[in-house]
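K.L.:
need a 3D model of the sequence below.
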Amino acid sequence: MENNRNFFITIALSVLILTLWQVFYMNPRVEQQREAAKIEQQRVEEQKKAAEAANPGAATPAPAPAPGTIPNAPGGDAVTAAGRDQALAASKRVKIDTPSLEGSINLTGARLDDLKLKHYTETVDKNSPEIELLNPQALPTGYFAEIGFVGNDKTGAVPGADTVWSVEGNPTLSPSTPVTLTYTNDKGLTFKRVFSVDANYMFTVTDTVQNSGASAVSLFNYGRVTRYDKPAVASTYVLHEGLIGVTGTEGLAEYKYAKIESEKQVTPGKSTDGWLGITDKYWAVTLVPTEKQPFQPRYAFFEDGRHRYQSDFLTDAINVDAGQSATVETEIFAGAKEVAKINAYEADRHIRQFNLVIDWGWFYFITKPMFWLIDTLYKFFGNFGLAILATTVIVKALFFPLANKSYASMANMKKVQPKMLEIREKYADDKMKQQQAMMELYKTEKINPLAGCWPVALQIPVFFSLYKVLYITIEMRHAPFFGWIQDLAAPDPTSIFNLFGLVPITLPHMLMIGVWPLIMGVTMFLQMRMNPTPPDPTQAAIFTWMPVIFTFMMAGFPAGLVIYWAWNNTLSILQQGLIMKRQGAKIELWDNLVALFRKKPSPAE
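P.N.:
Take a look at the predicted model:
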């Protein structure tokens, strides 16, 4: 039944290839496409600005919102990306300076629209620009968080997108120094807003409404995260990027950009807790409304003026009697999706299922323990590459009993091969009797013909979970190994086709077959040669070319995944060789290698 064993292994590997290619294969030109898209976007915006300069005209004002609805975000035209400093200088601002963040609060609208992440740069080069998470609305990359109110005739003008706030006292927001803003309207309402921030990525906005008028008023509190652009390259199947939230009885809601563009607006049921916002691969901006006031969440795409994406909420009416005050609080997370910090926010601030802002996927019960193990080992070794190698050893040890049985069964099959050949020859013309005789032989010798598939099958969930960890967790971003591997989440940057960098030419990514993909291909080749070559020509061809195909495929995968696969193959070779030697079965590796270079007899011979 050796043929059947190889056949099942071939099926497993073929399914794995198709799955990797169709679902998990990263577009090797992601960064190039992203950069090209940015350049093209800048070109279009420059042309647009030039046309407007030739024929100036004011933007059409947005219609007044209906009572109890969130006013639309500005839909005016954008300036070019080169005008960021100009856009920031267009309004008065309060500086933000924390250990993790820097930027400013726009006093027009008290809007959080200028934020950079101090610990993260655009590339592995430490001198490259910091990540710009939030940007003023006037930019093509406009992206901001805003808290405001919706009023009526009795309340008069209430704080919104165009409200200019005044600053009290300290002009810089830091973890130790909150900032207080005030605004008073013509109806006797005074709004006091206190911004505070922790040392990481969580802002707290506390609004107090003081009613100095002669009658009670009723108003609504709203919050929104608005974005005018979207990632230049769409996210892969295994990652959600777009609008996200956990509210009400519906729980987790995820709307990719294409989906919300199609549906326009989605309004779940009301909620009394939860969060909502917009998430990227590594960053997120989310709102956490107060638990004291029920709110209506919404996910929307607007096409009036400029296209924009928005996650927002609107509370139920807040009643403020004459001479009284009311307070409402909203938290704003704006930063990197670091696992430990996200989990701490969920636990300490009681934010429902906030950990889901990280897309652990359907197989979170595998992916999260895998990350925990790698992260724990990283704290011991100080290197994520070494942590991946150690994780591989631990996983191998956990599955050793099952692998031991599998390899032992394979070794037993090798020992009974003469009997198997005898059965095939004896019942060459009667396949039914041949199969019956084989099954009887397996039963007598206590052999499981499918046991050899288990070592391959066990790699699939481990491979998937490690791929997911490398792809979604920011801890792996720009994490170095040794030598030329400076980012385990990116492909090996070397290539055999330019002599590993000695020849100064730029190659297409399909030819970026680096050192680690080659090592992976060689170890996979050696592992497959531990078994006899299948007699069937088709199976033999797959057996021979599989390592080559995988080498080219894996070249575009994260280097950490390729390193794992190569190390896993190496351990499998050692493990299989040891077990087969104990079982007294012949190891076919050397004979198979010699056979590759042996002159094959001609048909006449």
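
K.L.:
need the phi and psi values for residue 346.
P.N.:
phi -60, psi -40 (degrees, to the nearest 10).

K.L.:
for the residue nearest to it when sequence neighbours are not counted, give me its contacts.
P.N.:
Leaving aside its sequence neighbours, residue 346 sits nearest to residue 354 (CB to CB, 6 or more residues apart in numbering; 3.9 Å). All C-beta atoms are positioned from the backbone trio N, CA, C, and that covers glycine. Residues in contact with residue 354 (CB atoms under 8 Å, 6 or more residues apart in numbering) are 246, 275, 333, 342, 345, 346.

K.L.:
please redo it, this time with the cut-off set to 7 Å
P.N.:
275, 342, 345, 346 (CB atoms under 7 Å, 6 or more residues apart in numbering).

K.L.:
inside helices: which ones of those?
P.N.:
342, 345, 346 (DSSP state H).

K.L.:
pLDDT, distance to residue 255 and neighbour count for these - can I get that in TSV?
P.N.:
Output for the ones in helices among the contacts of residue 354, formatted as TSV (pLDDT from 0 to 100; distance: CB to CB, whole Å; neighbours: other CB atoms under 10 Å):
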residue	pLDDT	distance to residue 255	neighbour count
342	96	20	22
345	96	22	23
346	95	22	17
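
K.L.:
which of those residues sits closest to residue 171?
P.N.:
Nearest to residue 171 among the ones in helices among the contacts of residue 354 is residue 345, at 27.4 Å by CB to CB.

K.L.:
in contact with that closest one, which residues?
P.N.:
202, 333, 351, 354.

K.L.:
likewise residue 476?
P.N.:
384, 469, 470, 488, 489, 560.

K.L.:
ok, now residue 441?
P.N.:
416, 419, 420, 423.

K.L.:
my guess is the third one is in a helix, correct?
P.N.:
Yes - secondary structure assignment places residue 420 in a helix (DSSP: H, G, I helix; E, B strand; the rest coil).

K.L.:
mind telling me what element the closest residue to residue 287 other than its chain neighbours is part of?
P.N.:
With sequence-adjacent residues excluded and distances taken as CB to CB, 6+ apart, residue 287 is closest to residue 223, at 4.5 Å. Using DSSP states H and E, residue 223 sits within strand 217-227.

K.L.:
same check, this time on residue 463
P.N.:
helix 454-472.

K.L.:
which stretches of the stretch 401-550 of the chain form helices?
P.N.:
Assigned by DSSP state H, counting those that start in this stretch, the helices in the stretch 401-550 of the chain fall at 417-426, 431-445, 454-472, 515-528, 537-554.

K.L.:
excluding chain neighbours, what is closest to residue 192?
P.N.:
residue 208 (4.5 Å).

K.L.:
tell me where the model's unsure across the stretch 501-605 of the chain.
P.N.:
501, 506-510, 531-540, 583-586, 591-605 (pLDDT under 70).

K.L.:
and the ones in helices among the contacts of residue 354, which is closest to residue 462?
P.N.:
Nearest to residue 462 among those: residue 342, at 24.0 Å, using CB to CB.

K.L.:
in contact with the closest one, which residues are there?
P.N.:
354, 355, 357, 358.

K.L.:
number of nearby residues for residue 69?
P.N.:
Residues near residue 69, counting by other CB atoms under 10 Å, number 12.

K.L.:
what's the closest non-adjacent residue to it?
P.N.:
In space, residue 69 is closest to residue 150, 6.7 Å off (CB to CB, 6+ apart).

K.L.:
any idea how far residue 324 is from the one you found?
P.N.:
With distances taken as CB to CB, to the nearest Å, residue 150 is found 20 Å from residue 324.

K.L.:
those two: who's more crowded?
P.N.:
Legend: neighbour count by other CB under 10 Å for residue 150 and residue 324, higher for residue 150 (22 against 12).

K.L.:
surely that one meets residue 219?
P.N.:
Yes - shown here, residue 150 and residue 219 form a contact pair, counting by CB atoms under 7 Å, at 6.5 Å.

K.L.:
what is in contact with these two at once?
P.N.:
Common neighbours of residue 150 and residue 219 (CB under 7 Å, 6+ apart) are residue 158.

K.L.:
let me see the contact set for residue 486.
P.N.:
124, 480.

K.L.:
please apply the same query to the one 4 residues further on.
P.N.:
Taking CB under 7 Å, 6+ apart as the criterion, residue 490 is in contact with 558, 559.

K.L.:
dump the contacts of residue 441 into JSON lines; add neighbour count as well.
P.N.:
Putting those into JSON lines (neighbours: other CB atoms under 10 Å) gives the following:
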{"residue": "416", "neighbour count": "18"}
{"residue": "419", "neighbour count": "14"}
{"residue": "420", "neighbour count": "19"}
{"residue": "423", "neighbour count": "20"}
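
K.L.:
want to throw these into JSON lines with pLDDT?
P.N.:
Below are these laid out as JSON lines (pLDDT from 0 to 100):
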{"residue": "416", "pLDDT": "72"}
{"residue": "419", "pLDDT": "76"}
{"residue": "420", "pLDDT": "74"}
{"residue": "423", "pLDDT": "78"}
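
K.L.:
just the closest of these to residue 548, please.
P.N.:
So of those, ranked by how close each gets to residue 548 (CB to CB), first place is residue 420, at 29.9 Å.

K.L.:
could you report the pLDDT at the residue positioned nearest the centre of the chain?
P.N.:
In the chain, the residue lying closest to the centroid (CA atoms, centre = their mean) is residue 472, at 3.1 Å. Here the pLDDT value assigned to residue 472 is 87.

K.L.:
ok, it to residue 547 distance?
P.N.:
28 Å.

K.L.:
related to what we said a few turns ago, what's the farthest-apart pair in the contacts of residue 354?
P.N.:
Farthest pair in the contacts of residue 354, by CB to CB: 275 and 342, 11.2 Å.

K.L.:
mind listing residues that contact stretch 387-397?
P.N.:
373, 374, 377, 378, 381, 462, 560, 563, 564, 567, 568, 571.

K.L.:
so which of those belong to helices?
P.N.:
373, 374, 377, 378, 381, 462, 560, 563, 564, 567, 568, 571.

K.L.:
top of the residues you listed by neighbour count?
P.N.:
Counting neighbours by other CB under 10 Å, residue 560 comes out on top of the ones in helices among the contacts of stretch 387-397 with 28 neighbours.

K.L.:
possible to save the contacts of stretch 387-397 as CSV with distance to residue 521?
P.N.:
Formatted as CSV, those follow (distance: CB to CB, whole Å):
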residue, distance to residue 521
373, 27
374, 24
377, 26
378, 27
381, 26
462, 19
560, 17
563, 13
564, 14
567, 14
568, 13
571, 17
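
K.L.:
and of the residues you listed, the nearest to residue 311?
P.N.:
Closest to residue 311, out of all of those and judged by CB to CB, is residue 374, at 31.3 Å.

K.L.:
show me what contacts that closest one?
P.N.:
Neighbours of residue 374 in contact, by CB under 7 Å, 6+ apart: 384, 387, 388, 391, 469.

K.L.:
residues near the closest residue to the last one other than its chain neighbours, how many?
P.N.:
Read it as residue 469. Nearest non-adjacent residue to residue 469, counting by CB to CB, 6+ apart: residue 371, 4.7 Å away. Using other CB under 10 Å, residue 371 has 23 neighbouring residues.

K.L.:
over to the one 4 residues further on?
P.N.:
A count of nearby residues for residue 375, using other CB under 10 Å, gives 17.

K.L.:
and what of the one 10 residues further on?
P.N.:
When counting by other CB under 10 Å, one arrives at 20 neighbours for residue 385.

K.L.:
from now on call the first residue 11
P.N.:
Done: numbering now begins at 11, and the last item shifts to residue 395.

K.L.:
phi and psi next, for the closest residue to it other than its chain neighbours.
P.N.:
Nearest residue to residue 395, sequence neighbours excluded (CB to CB, 6+ apart): residue 491, at 3.3 Å. For residue 491, the backbone dihedrals (degrees, to the nearest 10) come out as phi -110, psi -110.

K.L.:
about what we covered before: tell me how far the residue nearest to residue 479 lies from residue 575.
P.N.:
Separation of residue 381 from residue 575 (CB to CB) stands at 18 Å.
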